[in-house]
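**Q** Here is a sequence together with a model predicted from it:
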Amino acid sequence: MARWPLRVLAGAAGFVLSGACGPRAAEIDASAAPSETVVDSSLPESLGSIGRRAVSAALRCELQLPARVISTEPVVLTMRLTNPAAGPVTVLTWGTPFEGMWTGHSVLIERDDSPVEYLGPMVKRGAPTAAEYLRLSAGGAAEAALRLDDVFDLTQPGSYRIRPRFVLHDVVWGDDGRIPTPPDAMREAPLRCPEGRLEVLPHR
């Protein structure tokens with residue numbers, strides 16, 4: 001299973017989901033405003049009303065993938081997570097590209113309206129370690145990429161719908177919280193990322 005590098009960026013600029021006419025990911029349009037890329041506002045009550053508003057207003061998820069590929073080409077999904085808040089935030093990377101591998105049903109894919117089976121591992125979790133967290137400074141961002149074709153059969157020509165279902169299993173704001181968080185005190189937050197479309201063309 002291919003692993004792709006993690007990049008932590010010093011600043012946060014606009015980053016939109018867009019496609020390219022080839023196997024490479026599209027260029028970033030830094031001037032465009034992101035659309036439908038904020039953390040879901042329906043967060044657990046355990047965060048409290050202030051915490052829920054902070055998550056919903058701050059973390060931003062944006063995805064990048066090709067618009068079309070030949071059936072023999074790789075399909076790389078890149079996630080960019082941005083923290084435009086005034087303070088740092090630390091998130092558990094489980095189930096996201098920042099973990100470095102696919103570990104479950106974080107993405108649903110349909111081809112011509114029919115489900116595509118997930119073929120990757122399903123990981124049983126214990127307590128997290130500090131190394132499994134990602135810290136984003138105020139205004140900071142990070143990127144990570146994984147190949148979707150490692151865990152889905154994307155060799156059949158057709159129109160594919162990519163539906164992210166990412167969850168941040170622990171979100172720690174500021175520098176006061178201890179990392180790792182005990183399992184019974186973890187603060188989970190669903191992460192809304194934009195859906196994508198992919199056209200797979202037959203190999204000639």
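**A** Great, that's in hand.

**Q** Only C-alpha atoms from now on, for both contacts and neighbour counts.
**A** Fine.

**Q** Can you tell me the number of residues neighbouring W102?
**A** When neighbours are defined as other CA atoms under 10 Å, W102 has 27 of them.

**Q** Oops, could you answer that again for D184 instead?
**A** Neighbour tally, D184, other CA under 10 Å: 7.

**Q** what do you get for L108?
**A** L108 has 16 neighbours, counted by other CA under 10 Å.

**Q** I'd like the distance between the most centrally placed residue in the chain and A142.
**A** For the chain, M79 is the residue whose C-alpha lies nearest the centre (CA atoms, centre = their mean; 4.5 Å). Using CA to CA, to the nearest Å, M79 is found at 8 Å from A142.

**Q** Phi, psi for P183 please.
**A** phi -50, psi -30 (degrees, to the nearest 10).

**Q** Not including adjacent chain positions, what is the nearest residue to it?
**A** A127 (6.0 Å; CA to CA, 6 or more residues apart in numbering).

**Q** what are the phi and psi angles of the one you found?
**A** Phi and psi for A127, reported as degrees, to the nearest 10, are phi -80, psi 140.

**Q** What is the burial count for it?
**A** A127: 9 surrounding residues under other CA under 10 Å.

**Q** Thought P182 was touching it, still the case?
**A** Yes - if you go by CA atoms under 8 Å, A127 and P182 touch, sitting 7.0 Å apart.
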